[in-house]
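Colleague: When you get a sec, could you give me coordinates for this:
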Amino acid sequence: MLSTAPSPAADSLHQLLPPAEARELLRRAQKYEERALTRLYNIFSDRVFRFVYYRVQDRPRAEDLTNEVFVRMLENVENFRPSGEDASLALTGWIFTIARNLLIDDFRRQKIRAAEPLPEDDTELADESFDVDLHLTRAELQTALAQLTEEQQTVLLLRFEEGFTSAQVAKIMGKTDMAIKALQRRALATMARLLDPARDDIAITG
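Modeller: Predicted coordinates:
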């Protein structure tokens with residue numbers, strides 16, 4: 001089953017980059033200190049690459065887009081002002097927003113279908129949202145993700161691969177918490193229809 005619990009590895013955002021360190025790194029990066037910029041790259045490059053690669057399924061293209069994310073970050077870091085008290089989440093959300101926007105632009109350039117965003121739905125959903133038994137290899141996950149809308153893909157990857165809460169994803173994507181839960185529910189329901197729900201293995205492997 002595609003677990004609706006965030007990835008334990010991704011749950012360690014604040015262990016990887018505590019808010020106090022995020023504020024200090026950002027301050028130094030805005031002065032273009034090489035060591036601070038290198039530290040940010042080392043923290044985020046693998047996560048950004050994974051997020052991009054799941055979407056494009058092409059390693060050279062994913063590498064180019066990942067590099068472009070950090071070029072954009074460098075070009076704009078001086079003017080970035082984190083909102084809220086959690087500098088770690090704000091910085092992480094900003095970097096993933098850059099990645100998402102680059103992906104959307106790249107899909108358009110490649111003349112790949114840019115899926116219509118779903119309307120926001122403020123209908124209350126249970127916290128567990130939707131429980132789907134799917135046991136997926138990474139190749140199967142990539143194939144299934146390709147059938148979802150752009151927003152659904154982003155929600156699932158940020159929730160289950162990166163381990164953000166629905167409230168955190170809502171801040172990153174500029175939506176309400178209920179809208180994110182609705183997107184998540186629809187995405188999981190679509191994947192259940194696309195894949196064989198009779199299988200009883202679920203771990204994402206590979």
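Colleague: what pLDDT does Asp200 get?
Modeller: If you check Asp200, the pLDDT there is 43.
Colleague: who's in contact with the helix or strand that contains Phe107?
Modeller: With the criterion set as DSSP states H and E, the secondary-structure element containing Phe107 is helix 87-109. Helix 87-109 has contacts (Cβ atoms under 8 Å, 6 or more residues apart in numbering) with 13-14, 17-23, 25-26, 40, 44, 48, 51-52, 55-56, 61, 65-66, 68-69, 72-73, 76, 80, 82-84, 113-114, 150, 154, 158, 162, 168, 171-173. Bear in mind the C-beta positions are built from the backbone N, C-alpha and C, glycine included.
Colleague: and that helix, average pLDDT?
Modeller: For helix 87-109, mean pLDDT rounds to 89.
Colleague: picking that back up, type out the PyMOL command that picks the buried ones from the contacts of helix 87-109.
Modeller: This is how PyMOL selects the buried members of these, with burial counted by 16 or more other Cβ atoms under 10 Å:
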select buried, resi 13+17+19+22+23+25+26+40+44+48+51+52+55+56+65+66+68+69+73+82+150+154+158+162+168+171+172+173
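Colleague: Got phi/psi on Thr176?
Modeller: Phi and psi for Thr176, reported as degrees, to the nearest 10, are phi -80, psi 160.
Colleague: can you tell me how far the closest residue to Lys171 other than its chain neighbours sits from Asp46?
Modeller: Take Lys171 and drop its neighbours on the chain: the residue closest to it by Cβ to Cβ, 6 or more residues apart in numbering is Gly93, 6.0 Å away. Separation of Gly93 from Asp46 (Cβ to Cβ, to the nearest Å) stands at 17 Å.
Colleague: more neighbours, these two?
Modeller: Gly93 (22 against 10; other Cβ atoms under 10 Å).
Colleague: ok, the more buried one to Thr190 distance?
Modeller: Counting by Cβ to Cβ, the separation of Gly93 from Thr190 is 25 Å.
Colleague: re the thing from before, from Gln110, how far out is the residue nearest to Lys171?
Modeller: 25 Å.
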